[in-house]
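Colleague: need the 3D shape of this:
(4 chains)
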2 protein chains.
Amino acid sequence: MDAIDLSLVELLRGNARLSYAELARQVGLSAPAVHERVGKLEAGGVIRSYRADVEPEAIGLGVTALIGIVQDSGGDTDDVLEAIRGMPEIESCYFMAGVESFLLKARVGTIAELEQLILRLNRTAGVASTRTAVALSTKWENRPQPLSPS
Amino acid sequence: MDAIDLSLVELLRGNARLSYAELARQVGLSAPAVHERVGKLEAGGVIRSYRADVEPEAIGLGVTALIGIVQDSGGDTDDVLEAIRGMPEIESCYFMAGVESFLLKARVGTIAELEQLILRLNRTAGVASTRTAVALSTKWENRPQPLSPS
DNA sequence: CTCAGAACGTGGACGCGATCGACCTGAGCC
DNA sequence: GGCTCAGGTCGATCGCGTCCACGTTCTGAG
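Modeller: Numbers count the residues shown, from 1 in each chain, chains lettered A, B, ... in the order given. Next comes the predicted model:
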């Protein structure tokens, strides 16, 4: 993980569809060399995937909510986690310090669907309570920050 | 926005580096037709960008925190927003219903940097108070959910 | 009904990019 | 020195991206 790898990661965080030839020009190596480096970054787990960032409203996911989960005192964390994992509406899941064990980001089409999701969460074994906050608007999301060498 | 556009969006959400030729095979059109459709999806704002999803620890961003912002009663929301926008550590920003006007997702390298960030936020004009919760681990993030036609 | 035009597709052509193999170079080590 | 290995360049080949000319379908006007 040298400075060139870091540049490649930064370039691909900004635009995942850059060609190897273009990456090569940017970092001053040949295309095969870049191909090899990017392959190693993928194999080593540094680059996990390439995603198109899509306007959620355009695909019928206009409602964003953040949901905190308080666990039952006796509940098993892994069971709760697996139950949550099975709900496709939950786009992100963080395990937190604090009273709320998990913080979830969910996206659904309508408030009615959000209601159903919350009911399902409250019915889940190991979940003592939930706290939901609805996002009125998403100002930005997953903005890549400039990297400092490590 | 027909069923084919939806398939293209779904394919690119799963893997943003698919070639037009491959997309064409998947949806049963020719490569130029796919090229044209994807271009329109980009121009129309449905596809906003293509991003490499990178393991944060690998690039020195091992600390994730979620921060709620309570606004001053007299403060201007836009000013606060612009101040937040200027902080690169804030990867996501949601405008919320509830006491806390904003919910931020921040990533930094160390707890010390998080401390500095929180101090800077509290010092920001228009910010009455902040509430920070540190994520112990990220179970998953930005998982694309299967699309239903709209 | 017929016609014009728009929207959207296909197929061909051509240049560039992806990718493979052969070879080069410098560092580390006996 | 000479071996080995990591990591690069170069050159060749093949497939992809992209432009363009043309065909088809649909729609609305006369």
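Colleague: pull up the pairing partners for the biggest strand by length in chain A, direction included.
Modeller: With secondary structure taken from DSSP state E, chain A has its longest strand at strand A:127-140. With DSSP bridges as the test, strand A:127-140 is paired with strand A:63-71 (antiparallel), strand B:90-96 (antiparallel).
Colleague: now stretch A:101-110: average pLDDT?
Modeller: The average pLDDT for stretch A:101-110 rounds to 98.
Colleague: hmm, I typed the wrong one, I wanted stretch A:114-127.
Modeller: Stretch A:114-127 carries an average pLDDT of 97.
Colleague: run the chain-centre distance for it.
Modeller: With CA atoms, centre = their mean, to the nearest Å as the basis, stretch A:114-127 stands 21 Å off its chain's centre.
Colleague: contacts for it, please.
Modeller: For stretch A:114-127, the external contacting residues (CB atoms under 8 Å, 6 or more residues apart in numbering or on different chains) are A:63, A:65, A:67, A:69-72, A:75-77, A:79-80, A:83-84, A:87, A:89, A:106, A:108, A:129-130, A:132, A:134. The C-beta positions use only the backbone N, C-alpha and C, and glycine is treated the same way.
Colleague: can we see that at 10 Å?
Modeller: A:63-65, A:67, A:69-84, A:86-87, A:89-90, A:101-102, A:104, A:106-108, A:110, A:128-132, A:134 (CB atoms under 10 Å, 6 or more residues apart in numbering or on different chains).
Colleague: filter these by proximity to DNA strand D?
Modeller: With CB under 7 Å from any atom of the strand as the criterion, these include none near DNA strand D.
Colleague: which among the residues you listed end up buried?
Modeller: Applying 16 or more other CB atoms under 10 Å in any protein chain shown to the contacts of stretch A:114-127, the neighbour count classes A:63-65, A:67, A:69-71, A:75, A:80-81, A:83-84, A:89-90, A:101-102, A:104, A:106-108, A:130, A:132, A:134 as buried.
Colleague: cool, thanks, signing off.
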